[in-house]
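A.B. asks: any chance you can model this:
(chains A and B)
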Amino acid sequence: MPYGQINADQISTSVQGYSLGAGNSSLLKNKIINGACVIDQRNAGASVTITSDGQYTVDRFKCNASQSSKISAQQNAGSVTPPAGFSNYLGITSLSSYSIGSTDYFAINQNIEGYNMADLNWGTANAKTITLSAWVYSSLTGTFGGCVRNSSGGYCYPFTYTISSANTWTQISVTIAGPTSGTWGGTNTTGIQVYFGLGVGSTYSGTAGAWSTNLYLSATGATSVVGTSGATFYITGVQLEVGSSATGYEYRQYGQELALCQRYLPAFTAATPAPLCPAYTTSTTNARGIFILPVTVRSVPTGIVTSAAGTFGYSSGSPFTASAVTLNNSGSANACWVDFTISGASASSGGTIYCPSGTATIYFTGCEL
Amino acid sequence: MTTWKLIKEPVTGQENSVWREREDGKQESMLIIAEEYQKWLSEGNTPLPAENT
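C.D. replies: Numbers count the residues shown, from 1 in each chain, chains lettered A, B, ... in the order given. Have a look, this model is predicted:
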């Protein structure tokens, strides 16, 4: 019962001309994760002032900032209506009128894992053309810039795009011929870095529209968002796909997008009195929680960020509230031990880590790119 | 950010993680091999000693 014929990687009859990795008919074409800014595990919609370079905002996106406290980032900042088809966006607000120096840089960045871009064949004669697209909105108008580059910054493609109308969602796209040179990671480290500039000094700004071996984050002459106090820059619908034109945004189901994010940030939440994970005591003063990570993470976690210790407890019939929470050093990409300091428990008992008060949150760090 | 404090592993007693309270009220624990902690050390910082238990 032939219904369409699979020929190599093309559906050659039912959806003619579209490869499975490109076009409106494709599956998992978008190499950007959380491009619609739906997942915000770290901040749950709260505004954060960017105080350190590389601080994460909504999942998979981070802010590069050479100066502290010049911008804030928030899912749905300003509460404007997102573009049709979207419910969320990442909003950046300038907190001052900062005149950027030659070596300053402010940008939104997402790093694409090497495994997820190896099919592009970048760095070879068979390098594929890609198109980066997004919906952007700013209180400013003009020429804005960004950059696509490798992890060392030794191979960069600055680009520009135009926002003609202030406070209006504009869809932009940039098509980039794949680089036939340069070193592009192909495993679980960074393969491609994507930047949207918010104000980048001359040292890190290059000529748009051409590959360069200089280290850039944006294009020469681009608008500086940080230069105007209160200026805004919002973005959503970010997509990086194979091909020479932007196709419709790939909406993934929430569970799929969350799982993709969890590879880089596994997080757990429980409101009292819900359980978090099974546990056992190693002594009368330590309960060891066994956190089975929701997906295999990119690399073994090296840290945790938690709510106050008192939001965690150990129960083996009797409840014990924790006074400290620390990551144990014997973790894997699939499970981690976390030690909870308690008092007066029975040694070698089995039980549960749960939330005795308020809401307990814990997320594992060190897996992000 | 407050200073990192060394933590002894409850079973082995080895000091292989650190802990601190963040300004946003959240708490943070990190292995001493973590890139962020190593960068903090390289900037000339010193962690608080672990408690004797």
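A.B. asks: nearest residue to the middle of the chain?
C.D. replies: Using chain A. In chain A, the C-alpha nearest the mean C-alpha coordinate belongs to A:Arg60, at 0.7 Å (C-alpha atoms, centre = their mean).
A.B. asks: looking at chain B here, not the other one
C.D. replies: B:Val18 (1.9 Å).
A.B. asks: helix/strand/coil for the residue lying closest to B:Lys8 once chain neighbours are set aside?
C.D. replies: Nearest residue to B:Lys8 in three dimensions, chain neighbours excluded: B:Ala50, at 4.9 Å (C-beta to C-beta, 6 or more residues apart in numbering or on different chains). C-beta here means a position set from N, CA and C on the backbone, and glycine is covered the same way. Three-state assignment for B:Ala50 (DSSP: H, G, I helix; E, B strand; the rest coil): coil.
A.B. asks: thought the residue nearest to the centre of chain B was touching B:Trp4?
C.D. replies: Yes - judged on C-beta atoms under 8 Å, B:Val18 makes contact with B:Trp4 at a distance of 4.0 Å.
A.B. asks: shared neighbours, these two?
C.D. replies: Common contacts of B:Val18 and B:Trp4 (C-beta atoms under 8 Å, 6 or more residues apart in numbering or on different chains): B:30, B:37, B:47.
A.B. asks: now for the first one: which residues touch it?
C.D. replies: Just to be clear, that refers to B:Met30. With C-beta under 8 Å, 6+ apart, B:Met30 has these contacts: A:302-304, A:327, A:365-366, B:4, B:17-19, B:36-37.
A.B. asks: tell me the least confident of those residues?
C.D. replies: Model confidence across these bottoms out at B:Glu36, which has 91.
A.B. asks: skip the chain neighbours and tell me the closest residue to that one.
C.D. replies: B:Met30 (6.6 Å).
A.B. asks: surely that neighbour is in a strand?
C.D. replies: Yes - assessed with three-state DSSP, B:Met30 lies in a strand.
A.B. asks: point out the residues in chain B that sit beside chain A.
C.D. replies: With C-beta under 8 Å from any C-beta of the partner chain as the criterion, chain B meets chain A at residues B:7, B:9-11, B:14, B:16-17, B:19, B:22, B:25-31, B:33-36, B:53.
A.B. asks: mind listing which of the residues you listed are in strands?
C.D. replies: B:7, B:16-17, B:19, B:27-31 (DSSP state E).
A.B. asks: how far does the one helix or strand A:Phe233 maps to sit from its chain's centre?
C.D. replies: For A:Phe233, the element it lies in under DSSP states H and E is strand A:232-242. Chain-centre distance of strand A:232-242: 12 Å, with C-alpha atoms, centre = their mean, to the nearest Å.
A.B. asks: next one: stretch A:294-305
C.D. replies: The mean C-alpha position of stretch A:294-305 is separated from the chain mean by 15 Å, C-alpha atoms, centre = their mean.
A.B. asks: equivalent analysis for stretch A:200-220, please.
C.D. replies: Here stretch A:200-220 is found 23 Å from its chain centre; the criterion is C-alpha atoms, centre = their mean.
A.B. asks: span of that stretch from start to end?
C.D. replies: This stretch, stretch A:200-220, spans 8 Å end to end (C-alpha to C-alpha, to the nearest Å).
A.B. asks: pull out the buried positions in that stretch.
C.D. replies: A:200-201, A:204-206, A:208, A:211, A:216-219 (16 or more other C-beta atoms under 10 Å in any protein chain shown).
A.B. asks: now tabulate those residues in a markdown table and tack on secondary structure.
C.D. replies: Below are the buried residues of stretch A:200-220 laid out as a markdown table (three-state DSSP):
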| residue | secondary structure |
| --- | --- |
| A:Val200 | strand |
| A:Gly201 | coil |
| A:Tyr204 | helix |
| A:Ser205 | strand |
| A:Gly206 | strand |
| A:Ala208 | coil |
| A:Trp211 | coil |
| A:Tyr216 | coil |
| A:Leu217 | coil |
| A:Ser218 | strand |
| A:Ala219 | strand |
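A.B. asks: now for those residues, which pair is the farthest apart?
C.D. replies: For the buried residues of stretch A:200-220, the farthest-apart pair by C-beta to C-beta is A:Gly201 and A:Trp211; their separation is 20.8 Å.
A.B. asks: just the CA trace of stretch A:318-331, in PDB.
C.D. replies: C-alpha atoms of stretch A:318-331 as PDB (Å, rounded to 0.1, in the frame of the first residue of the first chain):
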ATOM      1  CA  SER A 318       9.300   9.900  61.900                       C
ATOM      2  CA  PRO A 319      10.000  13.200  60.200                       C
ATOM      3  CA  PHE A 320      13.300  15.000  60.300                       C
ATOM      4  CA  THR A 321      13.800  18.500  58.900                       C
ATOM      5  CA  ALA A 322      17.100  19.100  57.100                       C
ATOM      6  CA  SER A 323      19.500  21.800  58.200                       C
ATOM      7  CA  ALA A 324      21.900  21.600  55.200                       C
ATOM      8  CA  VAL A 325      21.800  20.100  51.700                       C
ATOM      9  CA  THR A 326      25.000  19.200  49.800                       C
ATOM     10  CA  LEU A 327      25.700  17.400  46.500                       C
ATOM     11  CA  ASN A 328      27.600  14.100  47.000                       C
ATOM     12  CA  ASN A 329      30.500  13.600  44.700                       C
ATOM     13  CA  SER A 330      29.500  10.200  43.400                       C
ATOM     14  CA  GLY A 331      27.000  11.100  40.700                       C
END
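A.B. asks: what helix or strand is A:Thr143 located in?
C.D. replies: Short version, using DSSP H and E: A:Thr143 is in strand A:142-149.
A.B. asks: just give me how far the helix or strand following that strand sits from the chain centre.
C.D. replies: The helix or strand immediately downstream of strand A:142-149 is strand A:156-163, counting by DSSP H and E. In terms of C-alpha atoms, centre = their mean, the centre of strand A:156-163 is found 20 Å from the chain centre.
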